[in-house]
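[1] Predicted coordinates and the sequence they were generated for:
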Amino acid sequence: MIKKIALVAHDARKQELVSWVRFNAGSLKDCRLFCTGTTGRLVEEALAEVLGDDMPVIDKLLSGPLGGDAQIGALIAEGKVDMLVFFCDNLIMQGHQNDVMSLVRLASLYNIPFATNRSTADFIISSPLYRDDSYERIIPACIESYKNRKL
């Protein structure tokens, strides 16, 4: 099964994400990647250098502040993302901070692996469970309960 990974990085951490992508190119080549704005272009360039023509599918969405974060959020809610890697700049308040927090909330709610730093991203992508097709992510019962709540 093809794993679907969303990659997002604020400007101050884009090069760190690109470095992570290069390091993990072998693991990413069989994945489908969803990237926001400029991050998608940088990821595509980095993987082309390392992998040549053996590239994964990369869906480049809008820039985060222009709706890309919301697009990633929608993909998570639709069950179309298996992992979120979001290298966020925690030293400054973002103009689209609500969108950033929405991604954190949705990743947690829908129980998808979520990395905000390189170490965590490395641990997730190298986990035997992540590559095990028999492993099924458990969707919390609270989601179905919320959908069927009585008003």
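    Here it is on my side, so go on.
[2] Which neighbouring elements make contact with the worst-scoring helix or strand of the chain on mean pLDDT?
    When the helices and strands of the chain are scored by mean pLDDT, DSSP states H and E, helix 97-109 comes last with a mean of 85. In terms of contacts (3 or more C-beta pairs under 8 Å, 6 or more residues apart in numbering; DSSP states H and E), helix 97-109 is packed against helix 68-77, strand 83-87, strand 114-115. C-betas here are computed from N, CA, C, even on glycine.
[3] between the top helix by length along the chain and strand 83-87, how many degrees?
    When the chain is parsed with DSSP state H, its longest helix is helix 37-51. Here helix 37-51 runs at an angle of 110 degrees relative to strand 83-87 (axes from the mean of the first three to the mean of the last three C-alpha atoms, to 10 degrees).
[4] Need the pLDDT of the nearest residue to Arg131 once chain neighbours are set aside.
    Nearest residue to Arg131, sequence neighbours excluded (C-beta to C-beta, 6 or more residues apart in numbering): Lys3, at 7.8 Å. Listed pLDDT for Lys3 reads 95.
[5] quick one: Lys3 and Cys31 touch, right?
    Yes. If you go by C-beta atoms under 8 Å, Lys3 and Cys31 touch, sitting 4.7 Å apart.
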